[in-house]
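Novice: sequence first, predicted coordinates after that:
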Amino acid sequence: DTAVSQTPKYLVTQMGNDKSIKCEQNLGHDTMYWYKQDSKKFLKIMFSYNNKELIINETVPNRFSPKSPDKAHLNLHINSLELGDSAVYFCASSQGFGMGTDTQYFGPGTRLTVL
Amino acid sequence: AQTVTQSQPEMSVQEAETVTLSCTYDTSESDYYLFWYKQPPSRQMILVIRQEAYKQQNATENRFSVNFQKAAKSFSLKISDSQLGDAAMYFCAYRENFGNEKLTFGTGTRLTIIP
């Protein structure tokens, strides 16, 4: 069973389009995250949700809108895609906010290519 | 703001030998957590080892061990008896204990295993 899953794994689209990436975790965790890995492999937090509530928003353009319908799902919707949005997007989850040595478990990543 | 520095973009080691990957970080906090993640070509982010700052004892997981020097803000990863499957990007990451659950990553070290 996959602990943290993302769909799709690859996404190729044209500039200006709107796209969504879905994430699901079956670990029973309360906290979920989105990270972006750029072409130089640098990983940076974008958002974090705890029990469907936004707790971290790292100055991401408002074209990016996360949505958490329940604590097992955290989707990322991107409007008006730009060339610079091309990256690998990782979803992660952890047991809960403020849980000490809480480990974050990552999904397989979604490679987004904007043409 | 916390920063994590990995000064070795690339490292290589002969199979069965030992290699050490360096990581330094900057923080004004006294309580925090440090992690090493591995990213093989499959792109999956895999936790290798973690260390709580309040523990003086260095963490060990089978062939992987760390040298945690809190005063020097240094957190190196030692891989013993290197295997071909260890070839990957290795990322050092920092997380505060409470209040901010995000992982701050270093820029990564690409490890090549020479048969």
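Specialist: Received the coordinates, thanks.

Novice: look up which residues are beta-bridged to the residue nearest to the spatial centre of chain B.
Specialist: The residue lying closest to the centre of chain B (C-alpha atoms, centre = their mean) is residue B:36, at 3.3 Å. On the basis of DSSP bridges, residue B:36 is bridged to residue B:49, residue B:92.

Novice: correct me, but it touches residue B:65?
Specialist: No. Residue B:36 lies out of contact with residue B:65 (C-beta atoms under 8 Å); the separation is 10.3 Å. The way it works is simple: take the backbone N, C-alpha and C, and place the C-beta from them, glycine included.

Novice: what is in contact with the two at once?
Specialist: Common contacts of residue B:36 and residue B:65, defined by C-beta atoms under 8 Å, 6 or more residues apart in numbering or on different chains, comprise B:49, B:77.

Novice: re the thing from before, for chain A, see how far away the residue nearest to the centre of chain B is.
Specialist: The gap separating residue B:36 from chain A is 12 Å, by C-beta to the nearest C-beta, to the nearest Å.

Novice: go on, residue B:55?
Specialist: For residue B:55 relative to chain A (C-beta to the nearest C-beta), the value is 10 Å.

Novice: mind listing what residue 84 touches?
Specialist: All of this is about chain A. Neighbouring residues of residue A:84 by C-beta under 8 Å, 6+ apart: residue A:114.

Novice: ah, no, chain B please
Specialist: So residue B:84 contacts B:15, B:113, B:115 (C-beta under 8 Å, 6+ apart).

Novice: if I look at it, how far off is chain A?
Specialist: 21 Å.

Novice: next one: residue B:73
Specialist: 19 Å.

Novice: also residue B:43?
Specialist: Residue B:43 sits 5 Å away from chain A when distances are taken as C-beta to the nearest C-beta.

Novice: quick one: that residue is in a helix?
Specialist: No. Per DSSP: H, G, I helix; E, B strand; the rest coil, residue B:43 lies outside any helix segment and is coil.

Novice: confidence score at it?
Specialist: Looking at residue B:43, its pLDDT is 90.

Novice: where does the chain dip in pLDDT?
Specialist: Just so you know, I chose chain A. Scanning chain A with the threshold set as pLDDT under 70 gives A:1-2, A:97-101.

Novice: my question was about chain B, not that one.
Specialist: Where chain B drops to pLDDT under 70, the residues are B:1, B:99-100.

Novice: which parts of it sit against chain A?
Specialist: By the rule C-beta under 8 Å from any C-beta of the partner chain, the part of chain B lying against chain A is B:33, B:35, B:37, B:39, B:42-47, B:50, B:52, B:89, B:91, B:97-105, B:107-108.

Novice: for PyMOL, what selects the buried ones among the residues you listed?
Specialist: This is how PyMOL selects the buried members of the residues of chain B next to chain A, with burial counted by 16 or more other C-beta atoms under 10 Å in any protein chain shown:
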select buried, chain B and resi 33+35+37+39+43+44+45+50+52+89+91+97+100+101+102+103+104+105+107+108
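
Novice: remind me what the host helix or strand of residue B:68 packs against, helices and strands.
Specialist: Using DSSP states H and E, residue B:68 falls within strand B:64-69. Identification of packing neighbours for strand B:64-69 by 3 or more C-beta pairs under 8 Å, 6 or more residues apart in numbering or on different chains; DSSP states H and E yields strand B:32-39, strand B:46-52, strand B:74-79.

Novice: sounds good, over and out.
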